[in-house]
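Undergrad: structure for this input, please:
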Amino acid sequence: MSQKKYVMAIDQGTTSSRAIIFDHYGRIVSVGQMEHEQIFPSPGWVEHDASEIWFNVREVVGRALANATKQTGMELNHHDIAALGITNQRETTIVWDKNTGQPIYNAIVWQDTRSQDLVDRLAANGGPDRWRPIVGETLSTYASITKIMWILENVPEARERAERGELLFGNPDTWVIWNMTGGINGGLHVTDVTNASRTMLMDLHTLQWREDICHEAGIPLSMLPEIRSSSEVYGQCRQDGLLAGVPVAGDLGDQQAATFGQACFEPGMAKNTYGTGCFMLMNTGTTPMPSENGMITTVCYKIGNESTVYALEGSIAVTGSLIQWLRDNLNIIEASDDVEDLASSVKDNGGVYFVPAFSGLFAPYWKGDARGTIVGMTRYNTKAHLARAALEATAFQTREVLDAMESDSHVCLGELRVDGGMTANNLLMQFQSDILGVPVVLPTVAETTALGAAYAAGIAVGFWSGTADVTNNWQEHYRWNPTMDPTERDRTLRLWKKAVTRTFDWVDEDAR
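TA: From the prediction side, this is the model:
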């Protein structure tokens, strides 16, 4: 085992970037965090400034090291860090000039729906499931493929520059690794199998880019990063940075990282992460499992030369961001944490159901033309009922994903492991257990996304011996057990599904 005492993870998320330092027991030593701007140029468009993200990543690394020094009483620097792991918001698309290091357009975020016309164009020849057996998912605005296409077709001279080999594509993991390892001075242009599996450009079976799909989408192969495993030494951090010489040794998309951090290493184990969106993954073993119920077949993780492990995933676009919307757009709460007290001030939702299809409906429906709907309102209702309906929407959407996943896998979940910021909301977690009818279990370390990336990096350099260490470190912190009467559960689910149908087919051709 390495004599160094810590591993750092960079978690480049949808709303913020964080650097977290962990010890050998998987405990958090310190955190550095900064939010970045959310840019909404048009309805359905969501962007980030990739340069701001890179600036923030450097800043949070410094903050984490400084905070660790305060926590431990000893000065921590790169000599104390055994390895660096990266995890990131998946599908979010960055294209930059490899010679200048400058992005040619803002990062197009995974929630963005502007590329629906491109989805329709690709689906015109063979339907939206034409590549599902190869890439594991239905054509939608979610994946990176049409975001890259949009940049190449709409940013001046982008197509020509790409054809000349001047432009690089990457999700935030690739962007961060490229910059961390040197940028224009020899930066590594790599990604891992989990992130590559979310572009719709990688073959799930061969783990290689599909030339035929890239050709039809008009994406030069020269833009794409090298695909590597999730746990191996890719290279070292640049010598002029705070982590000089530290091995960059782990890379996982955020949801796969959380699955890894939750120690879901056996087929049938599942976790749900409650963040900006909500994402449930179920380990399905070393063979990709096709879905007949709207789930995504994806890579779960790959450790070095070991066999690839796959998963089924249900992706929900709007959960935590709905609470931010209540705060920022409606101003019915001052802080996101206030939503629990407001929702708890009423005994139920008062008949109100809120379907937050702000970016269309993701799993299991995949309807890009759906839009958010609030139904069931009467003069009786107050903002407290709306707050409660907003929280319940997360639990209802999760139940629909679990139903689809169990139908595909023929596995009935015994418990659901959970993580993410919304797990601090006791009302939501109890309702989640009630509406699922199974226990909901929170681990001692709830920051499992960053932890999973740290574990992958640490395993690659021998800081941890393997997944057994991850399993041994995992500990239960709290458990919510279902208490709702089954008849009431069935009634509310029926009304929820009725509300969902009201969101369908809202966007007409002239209103995209």
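
Undergrad: show me what contacts Tyr288?
TA: Quick fix: residue 288 reads Pro, not Tyr. 136, 204-205, 297, 310 (CB atoms under 8 Å, 6 or more residues apart in numbering). No exception for glycine: its C-beta is placed from N, CA and C like everyone else's.

Undergrad: which of those are buried, as a PyMOL select command?
TA: Only the buried entries of these go into this PyMOL selection, using 16 or more other CB atoms under 10 Å:
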select buried, resi 136+204+297+310
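
Undergrad: residues of stretch 223-235 that come out buried?
TA: For stretch 223-235, by 16+ other CB under 10 Å, it's 223-225, 227-232, 234-235.

Undergrad: picking that back up, export the contacts of Pro288 as TSV, with columns for distance to Ile323, pLDDT and secondary structure.
TA: Converted to TSV, the contacts of Pro288 look like this (distance: CB to CB, whole Å; pLDDT from 0 to 100; DSSP: H, G, I helix; E, B strand; the rest coil):
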residue	distance to Ile323	pLDDT	secondary structure
Gly136	30	93	coil
Leu204	34	96	coil
His205	39	96	coil
Thr297	30	94	strand
Tyr310	32	96	strand
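
Undergrad: what about Leu442, how many residues close to it?
TA: The number of residues packed near Leu442 is 19, by other CB atoms under 10 Å.

Undergrad: so which helix or strand takes in it?
TA: Using DSSP states H and E, Leu442 sits in strand 440-443.

Undergrad: distance from the chain centre to that strand, please.
TA: 19 Å (CA atoms, centre = their mean, to the nearest Å).

Undergrad: need the contact partners of that strand.
TA: So strand 440-443 is contacted by 262, 415-419, 423, 429, 432-433, 474-480 (CB under 8 Å, 6+ apart).

Undergrad: quick one: Arg18 is in a helix?
TA: No - going by DSSP: H, G, I helix; E, B strand; the rest coil, the assignment for Arg18 is strand, not a helix.

Undergrad: where do the helices sit along the stretch 401-512 of the chain?
TA: 426-436, 448-461, 467-473, 486-501 (DSSP state H, counting those that start in this stretch).

Undergrad: circling back: filter the buried residues of stretch 223-235 down to the ones in strands?
TA: Of the positions in the buried residues of stretch 223-235, 227-228, 231-232, 234-235 sit in strands, assigned by DSSP state E.

Undergrad: looking at those, which is nearest His79?
TA: The closest of these to His79 turns out to be Gly235 (CB to CB; 18.2 Å).

Undergrad: which residues of the protein score low on pLDDT?
TA: 1-3, 508-512 (pLDDT under 70).

Undergrad: rerun that using 80 as the cut-off
TA: Counting by pLDDT under 80, the ranges of the chain that qualify are 1-4, 71-74, 359, 362-363, 366-368, 446, 505-512.

Undergrad: how about the helix or strand containing Met34: buried residues?
TA: In the assignment (DSSP H and E), Met34 maps to strand 28-35. The neighbour-count check on strand 28-35 (16+ other CB under 10 Å) flags 28-34 as buried.

Undergrad: hmm, back to that, so what strands line up beside the strand holding Leu442?
TA: strand 416-419 (parallel), strand 476-480 (antiparallel) (DSSP bridges).

Undergrad: list the contacts of the residue nearest to Tyr25 when sequence neighbours are not counted.
TA: Excluding its sequence neighbours, the residue lying closest to Tyr25 (CB to CB, 6 or more residues apart in numbering) is Asn473, at 5.8 Å. Contact analysis of Asn473 by CB under 8 Å, 6+ apart lists 25-26, 263.

Undergrad: just Thr93 next, same as before
TA: Counting by CB under 8 Å, 6+ apart, Thr93 touches 107-108, 144, 147-148, 151, 169, 171.

Undergrad: dig out what it forms beta bridges with.
TA: Ile108.

Undergrad: distance of it from Phe169?
TA: Relative to Phe169, Thr93 is positioned 7 Å away (CB to CB, to the nearest Å).

Undergrad: which neighbours do these two have in common?
TA: 144, 148.

Undergrad: excluding chain neighbours, what is closest to Glu476?
TA: In space, Glu476 is closest to Val441, 5.7 Å off (CB to CB, 6+ apart).

Undergrad: and that neighbour, how many neighbours?
TA: 20.

Undergrad: ok, Pro486 next?
TA: Neighbour tally, Pro486, other CB under 10 Å: 9.

Undergrad: quick check: the closest residue to it other than its chain neighbours vs Arg371, distance?
TA: Distances taken as CB to CB, 6+ apart put Gly437 closest to Pro486, at 7.4 Å, once the chain neighbours are dropped. Taking CB to CB as the measure, Gly437 falls 30 Å from Arg371.

Undergrad: which one of those two has more residues nearby?
TA: Taking neighbours as other CB under 10 Å, Gly437 and Arg371 compare with Arg371 leading, 23 against 13.

Undergrad: distance of the more buried one relative to Thr503?
TA: For Arg371, the distance to Thr503 - CB to CB - is 6 Å.

Undergrad: find the residues that touch each one of the two.
TA: Common neighbours of Arg371 and Thr503 (CB under 8 Å, 6+ apart) are Ala357.

Undergrad: who touches the residue nearest to Pro486 in this structure?
TA: Shown in contact with Gly437 (CB under 8 Å, 6+ apart): 482, 484, 486, 489.

Undergrad: can you select the buried ones from these in PyMOL?
TA: Restricted to buried positions by 16+ other CB under 10 Å, the PyMOL selection for the contacts of Gly437 reads:
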select buried, resi 482+484+489
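
Undergrad: could you dump the contacts of Gly437 into JSON lines and include distance to Glu211?
TA: Formatted as JSON lines, those follow (distance: CB to CB, whole Å):
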{"residue": "Pro482", "distance to Glu211": "49"}
{"residue": "Met484", "distance to Glu211": "52"}
{"residue": "Pro486", "distance to Glu211": "52"}
{"residue": "Arg489", "distance to Glu211": "49"}
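
Undergrad: max pairwise distance over the contacts of Gly437: which two?
TA: Among those, Pro482 and Pro486 lie farthest apart (CB to CB), at 9.2 Å.
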